[in-house]
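Asks: Show me how the following folds:
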Amino acid sequence: MSRVNLSLRDEQLRELMDDPDCDPVRLEATLRRFHRVNRLISGWDQVYRRRLRPLLTGLHRPARVLDLGSGGGDVVTRLAHLAWRDGLQVHWTGADPDPRAHAAALGAQEQHTQDQLPEEQRVEESAQVRFLCADADALLRQGESFDVVISNHVLHHLDAPGLLDFSHASRQLCTGTVLHSDIARSRLAYSLYAVGITPLAPGTFLRTDGLRSIRRSYRREELSAALGAEWTVTSPAAFRLIAEAPGLG
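Replies: Next up, the predicted model:
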């Protein structure tokens, strides 16, 4: 087997779940298991503690946060739980233009309301999260505006024009701070993921698509150059990138 070249982004690779005609059973299983994968590798608990919570508490009023390209909704649901636990008043929105992802997010939210949690917690958390089947342009047309806009693992899916359109639209939707989190491409990340994802992968696209995601993802200097001077790109943890910019709303 030939050695995978990770010196450059492989922009020609397409993830299986991006195909509208992909296996719906495997897609549903993939979206259901994202919450486990993201808890392990995405680092949003740390981002919440270090960046999001200070931003939200600094508003001194109820906040509005958008997760753009929210997929199965696990990241925004987790953040809503963390904010609820801290006593913060936040209205969370998860928006994704893919109706399959939107359906998965609604299904996960319904399941969350039935979980074995105190009734008050279930009601409060669910009431603070809404899911929309919409992209950034649709939200702009509807006049939506948010204090913070985030995304998780979206940037590497986009081609160069799409990246600029998405990043600019996210800033237009935001009056405060935009935070886009993604994978940092590296040989070690690729090797560790190839082994570590094995227990969760059967019946899903997790292994194939995850490895393709790493091959499509950026290194810090590449993402900084692609986004432009308005953005600051940092590496807050191993194999992770955060792109940050002020909102334009």
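Asks: What helix or strand is residue 178 located in?
Replies: In this assignment (DSSP states H and E), residue 178 forms part of strand 174-183.
Asks: With residue 64 instead?
Replies: Going by DSSP H and E, residue 64 is part of strand 63-68.
Asks: on that earlier part again, beyond the strand holding residue 178, next helix or strand please.
Replies: helix 187-196.
Asks: which SSE is residue 33 in?
Replies: Going by DSSP H and E, residue 33 is part of helix 24-41.
Asks: list the buried ones in that helix?
Replies: Across helix 24-41, burial judged by 16 or more other CB atoms under 10 Å covers 26-35, 37-38, 41. In this view, the C-beta of every residue, glycine as well, is placed from N, C-alpha and C.
Asks: Looking at those residues, which has the smallest pLDDT value?
Replies: Among these, residue 35 has the lowest pLDDT, at 87.
Asks: ok, back up a step: okay, the strand holding residue 64 in PDB with CA atoms only?
Replies: C-alpha atoms of strand 63-68 as PDB (Å, rounded to 0.1, in the frame of the first residue of the first chain):
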ATOM      1  CA  ALA A  63     -26.700  35.700  24.400                       C
ATOM      2  CA  ARG A  64     -27.500  34.300  20.900                       C
ATOM      3  CA  VAL A  65     -25.000  31.700  19.500                       C
ATOM      4  CA  LEU A  66     -25.100  30.100  16.000                       C
ATOM      5  CA  ASP A  67     -23.500  26.800  15.100                       C
ATOM      6  CA  LEU A  68     -23.200  27.000  11.300                       C
END
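Asks: Who does that strand pair with, and is each partner parallel or antiparallel?
Replies: Strand pairing for strand 63-68, using DSSP bridges, gives strand 90-95 (parallel), strand 146-152 (parallel).
Asks: immediately after the shortest one, which helix or strand?
Replies: It stands for strand 90-95. Note on strand 90-95: by DSSP H and E, the next helix or strand toward the C-terminus is helix 99-113.
Asks: Run through who's touching that following helix.
Replies: Contacts with helix 99-113, where a contact means CB atoms under 8 Å, 6 or more residues apart in numbering, come from 24, 27-28, 31-32, 35, 70-74, 77, 94, 96, 122-123, 125-126, 129, 131-133.
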